[in-house]
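Novice: Next one to model:
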Amino acid sequence: MFWALRGVSFRIQRGEVVGIIGRNGSGKSTLLRVICGIYGPDRGSVMLPTGRVSALLELGSGFRDELSGMENIRLACAIQGFSSSEIDAIIEPIISFSGIEEFIDQPIRTYSSGMKARLGFAVASVVEPDVLLIDEVLAVGDAGFRQRCMTRIEQLVAGDTTVVVVSHNTAELERLCSRLILLERGIVIMDGAVKDVLERYQQITAST
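Specialist: Numbers count the residues shown, from 1 in each chain. I've put the predicted structure just below:
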């Protein structure tokens, strides 16, 4: 039997930004899916604080291709429990942050990967979640968009949002995270300061 994750255990404090790093196939994306409830753990449990959890796990996740950008925004917010009046109040900030105003009434199937990333991040972050999970999505898009995403994450953290981010971009991890968790073959082999964990990760990648 293949175990995607084995004996993984850690705690994250409210308002903390934690990065998950590891080679391809180490279990990073699976771990985020377990945290947000897409996958159920075969053993053990995941405990989350009360509040709203937003997850941006892959490009276009949760979007319906036949619907327009505007319709997808409304649907995504409704699924998260927002009322019609609450959606009306946040829809313009979402569209503005995404920067794709002129295409917002076009079907999602016509969007580029970068446009989907913009809209997905805008929806996930503008709703001001208590927990935000991000999987490699910041790797897509131009430098200006990535900078806006980084700034937005910093704003959320200042407001006490807890962020868990999977990324191979060490510069982004160094800027955002106060702590890193290193996975190797589904096992946590290190959990600690960003600099120390990155050094261990670089040793592993260099040896292979």
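Novice: Okay, now the unreliable bits of the protein?
Specialist: Screening the chain residue by residue with the criterion pLDDT under 70, one finds the ranges 58-61, 137-141.
Novice: Show the contacting residues for the residue sitting nearest the centre point of it.
Specialist: Taking Cα atoms, centre = their mean, the centroid of the chain lies closest to residue 134, which sits 1.0 Å from it. If a contact means Cβ atoms under 8 Å, 6 or more residues apart in numbering, then residue 134 has 55, 56, 121, 124, 153, 163, 164, 165, 166, 167 as its contacts. Where C-beta positions appear, they are placed from N, C-alpha and C, glycine not excepted.
Novice: Distance of the first one relative to residue 164?
Specialist: In this structure, residue 55 lies at 9 Å from residue 164, with Cβ to Cβ, to the nearest Å as the measure.
Novice: Mutual contacts of the two, please.
Specialist: 32, 132, 133, 134.
Novice: burial count for the second one?
Specialist: Going back to what we said before, that points to residue 132. By other Cβ atoms under 10 Å, 25 other residues sit near residue 132.
Novice: mind listing what whichever helix or strand it is part of pairs with, with the direction of each?
Specialist: When secondary structure is defined by DSSP states H and E, residue 132 falls within strand 131-135. For strand 131-135, sheet partners with direction are given as strand 53-56 (parallel), strand 162-166 (parallel), following DSSP bridges.
Novice: tell me what the helix or strand where residue 30 lies is packed against?
Specialist: Secondary structure from DSSP H and E places residue 30 in helix 28-36. Contact here means 3 or more Cβ pairs under 8 Å, 6 or more residues apart in numbering; DSSP states H and E; on that basis helix 28-36 packs against strand 17-22, strand 53-56, strand 131-135, strand 162-166.
Novice: hmm, back to that, among the shared contacts of residue 55 and residue 164, which pair sits farthest apart?
Specialist: Distance extremes for those: the farthest pair is 32 and 132 at 10.9 Å, using Cβ to Cβ.
Novice: what's the overlap in contacts for the two?
Specialist: Counting by Cβ under 8 Å, 6+ apart, the shared contacts of residue 32 and residue 132 are 55, 164.
Novice: residues touching residue 62, list them.
Specialist: Counting by Cβ under 8 Å, 6+ apart, the residues that residue 62 touches are 72, 76, 79, 120.
Novice: List buried members of those by neighbour count.
Specialist: Among the contacts of residue 62, those buried by neighbour count (16 or more other Cβ atoms under 10 Å) are 72, 76, 120.
Novice: Mind putting those into CSV with distance to residue 96?
Specialist: As requested, the buried ones among the contacts of residue 62 are arranged in CSV below (distance: Cβ to Cβ, whole Å):
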residue, distance to residue 96
72, 16
76, 16
120, 15
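Novice: Now go through the residues you listed and say which are in strands.
Specialist: Among the buried ones among the contacts of residue 62, DSSP state E puts none in strands.
Novice: nearest to residue 37, of those residues?
Specialist: Using Cβ to Cβ, the shortest approach to residue 37 within the buried ones among the contacts of residue 62 belongs to residue 76, at 16.2 Å.
Novice: Check the spacing between residue 165 and residue 51 real quick.
Specialist: Relative to residue 51, residue 165 is positioned 18 Å away (criterion: Cβ to Cβ).
Novice: Many thanks, we can stop here.
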